[in-house]
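S.K.: starting from these lines, generate the structure:
(2 chains)
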Amino acid sequence: MSQFLPESMLPFISTSIQLLYLVAMAFFIFGIKRLSSPATARSGNQLAATGMLIGVIVTLFEREIVTFEFIIIGLIIGGVIGVIAARTVAMTAMPEMVAIFNGFGGGASALVAWGEFTRAGVEVALWPGQDLTTTGLGILIGSLTFTGSFIAFGKLQGFISGRPITFPFQNYFNFTLTGVILVLVGFFVFDPTNMPLFWTIFGLSLFLGILTVLPIGGADMPVVISLLNSYSGIAASMAGFVINNNLLIISGALVGAAGLILTNIMCQAMNRTLGNVLFGAFGGGGEVVAAGEIGDKSVQETFADDVAIQCSYAKKVVIVPGYGLAVAQAQHTLKEVAALLEEKGVTVKYGIHPVAGRMPGHMNVLLAEADVPYDQLFDMDQINPEFSSTDVVLVIGANDVVNPAAKTSPGSPIYGMPILNVDEAKRTIVFKRSLSPGFAGIDNELFYADNNQMFFGDAKKSLQALASAIKELD
Amino acid sequence: MEELIFNLFIFVLASFVGFELISKVPPTLHTPLMSGANAISGITLIGAVVVAGSLDDSYAQWIGLAAIIFATINVVGGFLVTDRMLEMFKKKKEDEQ
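M.R.: Numbering: from 1, shown residues only, chains lettered A, B, ... in the order given. Have a look, this model is predicted:
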């Protein structure tokens, strides 16, 4: 857009652009800072969006930009798709949405590296080695984020089996492939006009994204999405190195750090190392039942009327929701039950395990959608000391995160995983369809405990029955 | 080479800022944090605009167009969906009033 301005202004423009990039960066940082409290989070997000708007508008004044048809068409198409997607997506499908957006972000970064490279034409032979290195790495990380995210999306949606898809020597193969690509990037730095080499790097990187996500089980997708989020940030940073733009480098680094922290939190919550998640092919989806374990123990069954009485005369009830609650679309009914209990003077709290949903913090969003106030939502560390003084715990659609085997049986695959200590409460009531094990395929001792009762059935129907039973008590 | 080193300094320092900022975000807000951060990673849109808006090579412009579409979906969709989520996080007191 700078061609429309008088010649005398040109020297000031590039300085102004850089200064405004600095402003945009400050907006991003303050935006993320405000995300640390639910009260300020919304304005934080708007601040970051404003920063983005500033960044894009300012870029239009770059001297290199002389034509706007492609820019306008691209912004309109992408904007319309983005608005429709953001408006229509169900909150339960948020992990899929983030996976797809990640994929587009990573893909865009790879395309920017490719576009810059193409734009330079034969002049790439004059590019310094560092630019060629970042171009190669940008294409590698961007492409693998792109295909990896779409595989993750497919797994979450159920287009692709959630079970780990494995073949012999898979990990060795993936390691070797990564090594080969890096070596090829090395060759590319010395021979940048060799197009077959360039295409091989591009193709293999896309392929690597598919291969690295395929062997990861559906239950580990929260970790993978966090990690891909981090990659998409690093890819943006790499694109920033290629076009030598500080705003891209900084923003990409911020996102890269965010993704890494969330990845780490999710791994800790599942008591797994990142290496185990990526290469362990864990999490079959419940098929690997340890047969014979279930038969010889008995459970106490309970029904809506009895649950209603126990809850209504309790002082404190803690609700432990799991993803099963969201699958049954029962969040709103749950909120209704909680409201009825509160009317009777019962203290109601929600105890939320970090892996309760399908991405970090997912359950909190699902409950917020059902109008559950966030000050009733408690993290694992906050709620665990309270269970011993809790009268009734309602476990709804959760299983492994309340399994005492994580504390008591060193042989169990989930041993060492931090859990919600619901077994310390006076009474636990588990809402469940049947006695089938959770994703880890492990029997749950909690079900057979003396102070536990099972309320069998679909979560939504059970909660509806409970709500009407509580109303009848009046 | 100096430029690369300078950029690396910026990258590393920004990562530290990122770690500091994000470790203060409570688990309740992790999903919006992730989708918001995701939207910020769409900053690559700036690079896409440069590629699509220069006249050096029409083939590169088409690549730039694809990059703009991808990045805009990421940016617009990401910020809007984050806003939609955060709008739902209300305090109980506000409900009662």
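S.K.: A:Ile429 contacts A:Phe455, doesn't it?
M.R.: Yes: with contact defined as C-beta atoms under 8 Å, A:Ile429 and A:Phe455 form a contacting pair (5.6 Å). For every residue, glycine as well, the C-beta is placed using N, CA and C.
S.K.: need the residues touching each of these two.
M.R.: A:Thr302, A:Val307 (C-beta atoms under 8 Å, 6 or more residues apart in numbering or on different chains).
S.K.: the more surrounded of the two?
M.R.: A side-by-side neighbour count of A:Ile429 and A:Phe455, using other C-beta atoms under 10 Å in any protein chain shown, places A:Ile429 first with 25 against 22.
S.K.: surely the more buried one is within a helix?
M.R.: No: A:Ile429 sits outside any helix when classified using DSSP: H, G, I helix; E, B strand; the rest coil, being strand.
S.K.: can you give me phi and psi for the nearest residue to it once chain neighbours are set aside?
M.R.: Computed as C-beta to C-beta, 6 or more residues apart in numbering or on different chains, the closest residue to A:Ile429 that is not its neighbour in sequence is A:Gln453, at 5.0 Å. Recorded main-chain torsions at A:Gln453 are phi -130, psi 150, according to degrees, to the nearest 10.
S.K.: please apply the same query to A:Gly345.
M.R.: For A:Gly345, the backbone dihedrals (degrees, to the nearest 10) come out as phi 90, psi 10.
S.K.: what's the burial count for the residue of the stretch 201-350 of chain A found nearest chain B?
M.R.: Among residues of the stretch 201-350 of chain A, the one nearest chain B by C-beta to the nearest C-beta turns out to be A:Ala257. It sits 2.8 Å away. Applying other C-beta under 10 Å, we find 25 residues neighbouring A:Ala257.
S.K.: who are the neighbours in contact with the closest residue to it other than its chain neighbours?
M.R.: Counting by C-beta to C-beta, 6+ apart, the nearest residue to A:Ala257 once its immediate chain neighbours are dropped is B:Gly18, at 2.8 Å. Under the criterion of C-beta under 8 Å, 6+ apart, the contact partners of B:Gly18 comprise A:Ile32, A:Ala253, A:Leu254, A:Val255, A:Gly256, A:Ala257, A:Ala258.
S.K.: which element is the last one on?
M.R.: So that's A:Ala258. Assignment of secondary structure by DSSP states H and E places A:Ala258 within helix A:246-269.
S.K.: so which bits of that helix are buried?
M.R.: Taking 16 or more other C-beta atoms under 10 Å in any protein chain shown as the neighbour-count basis, helix A:246-269 is seen to contain the buried residues A:246-263, A:265-267, A:269.
S.K.: likewise stretch B:7-21?
M.R.: Of the residues in stretch B:7-21, those buried under the neighbour-count criterion (16+ other C-beta under 10 Å) are B:Asn7, B:Ile10, B:Phe11, B:Ala14, B:Ser15, B:Val17, B:Gly18, B:Phe19, B:Leu21.
S.K.: state the mean pLDDT of it.
M.R.: On average, the pLDDT along stretch B:7-21 is 92.
S.K.: which parts of chain B are helices?
M.R.: Using DSSP state H, the helices of chain B run over residues B:2-22, B:30-41, B:45-53, B:58-72, B:78-88, B:92-96.
S.K.: can you tell me which of the ones you listed is most buried?
M.R.: helix B:30-41 (a mean of 30; mean count of other C-beta atoms under 10 Å in any protein chain shown).
S.K.: chain center to it, what's the gap?
M.R.: Computed by C-alpha atoms, centre = their mean, to the nearest Å, the separation of helix B:30-41 from the middle of its chain amounts to 7 Å.
S.K.: which residues of chain A score low on pLDDT?
M.R.: Segments of chain A classed as low confidence (criterion: pLDDT under 70) are A:1, A:280-297, A:436-442.
S.K.: how is it divided into domains?
M.R.: Here the domain assignment for chain A is A:1-88, A:96-285, A:304-472, based on automatic domain parsing.
S.K.: looking at the ones you listed, which is buried most?
M.R.: domain A:96-285 (a mean of 22).
S.K.: which ones are touching the residue nearest to A:Ile429?
M.R.: With contacts defined as C-beta under 8 Å, 6+ apart, the neighbours of A:Gln453 are A:Val299, A:Gln300, A:Glu301, A:Thr302, A:Asp306, A:Val307, A:Arg427, A:Thr428, A:Ile429, A:Val430.
S.K.: might one say that A:Ser109 is in contact with A:Gly233?
M.R.: No: applying C-beta under 8 Å, one finds A:Ser109 not in contact with A:Gly233, separated by 9.4 Å.
S.K.: quick revisit: next, format the contacts of A:Gln453 as TSV and append distance to A:Leu206.
M.R.: What follows is those, written out as TSV (distance: C-beta to C-beta, whole Å):
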residue	distance to A:Leu206
A:Val299	50
A:Gln300	54
A:Glu301	52
A:Thr302	53
A:Asp306	57
A:Val307	52
A:Arg427	54
A:Thr428	48
A:Ile429	49
A:Val430	45
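S.K.: can you tell me which of the helices of chain B the model trusts least?
M.R.: Among the helices of chain B, helix B:92-96 carries the lowest mean pLDDT, a mean of 47.
S.K.: all helices for the stretch 251-400 of chain A, in order.
M.R.: A:274-279, A:304-312, A:323-327, A:331-343, A:362-369, A:380-383 (DSSP state H, counting those that start in this stretch).
S.K.: will you turn those helices into CSV that also has distance to chain B?
M.R.: Formatted as CSV, the entries for the helices of the stretch 251-400 of chain A read as follows, by distance: least, C-beta to the nearest C-beta, whole Å:
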stretch, distance to chain B
helix A:274-279, 16
helix A:304-312, 20
helix A:323-327, 12
helix A:331-343, 10
helix A:362-369, 4
helix A:380-383, 8
